[in-house]
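Novice: Model the following, please.
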Amino acid sequence: GSFLRHVHCTIMALSLWEGHPVAFILGCGMGVLLHMFWVMSVLAYHTIRAERPEVSHGYIMFKHDVENNFVPPPEYTDKKVK
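Specialist: Numbers count the residues shown, from 1 in each chain. Below you'll find the predicted structure:
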């Protein structure tokens, strides 16, 4: 890889105070990419291997009248609350 050789020579040409921060930034970037690929692979694995239960959402539906669930509108006043 001529590109990697060029990057290597460029980083090696930097001084001590320039090279360490550049290497740190490049390392952090590679670490973030590796972490992203790891998380995506774990999510893909769990998505593929997940057991699909019966249609149970964990809540119970009740039949009810809409009139019984009336909530009165808020009362707005011009008075200052003490």
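
Novice: can you give me the helices for the chain?
Specialist: Assigned by DSSP state H, the chain shows helices spanning 2-13, 16-49.

Novice: For the last one, what is the distance to the chain centroid?
Specialist: Translated: helix 16-49. Between the mean C-alpha location of helix 16-49 and the chain-wide mean there is a distance of 14 Å, by CA atoms, centre = their mean, to the nearest Å.

Novice: Give me the helices and strands touching it, please.
Specialist: In this structure, helix 16-49 makes packing contacts with helix 2-13, judged by 3 or more CB pairs under 8 Å, 6 or more residues apart in numbering; DSSP states H and E. In short, each C-beta sits where N, CA and C put it, glycine included.

Novice: helices and strands around the helix it packs on, which ones?
Specialist: With contacts taken as 3+ CB pairs under 8 Å, 6+ apart, helix 2-13 sits against helix 16-49.

Novice: how about the helices of the chain, which one is nearest T77?
Specialist: Using CB to CB as the criterion, the shortest distance between T77 and those is 51.6 Å, found for helix 16-49.

Novice: Now for the chain, the helix or strand with the poorest mean pLDDT.
Specialist: Taking mean pLDDT, DSSP states H and E as the measure, helix 2-13 is the helix or strand of the chain with the lowest mean score, a mean of 88.

Novice: That helix versus helix 16-49: what angle between them?
Specialist: Between helix 2-13 and helix 16-49, the angle comes out at 140 degrees (axes from the mean of the first three to the mean of the last three CA atoms, to 10 degrees).

Novice: mind starting the numbering at 22 from now?
Specialist: Shifting the count to begin at 22 puts that one at helix 23-34.
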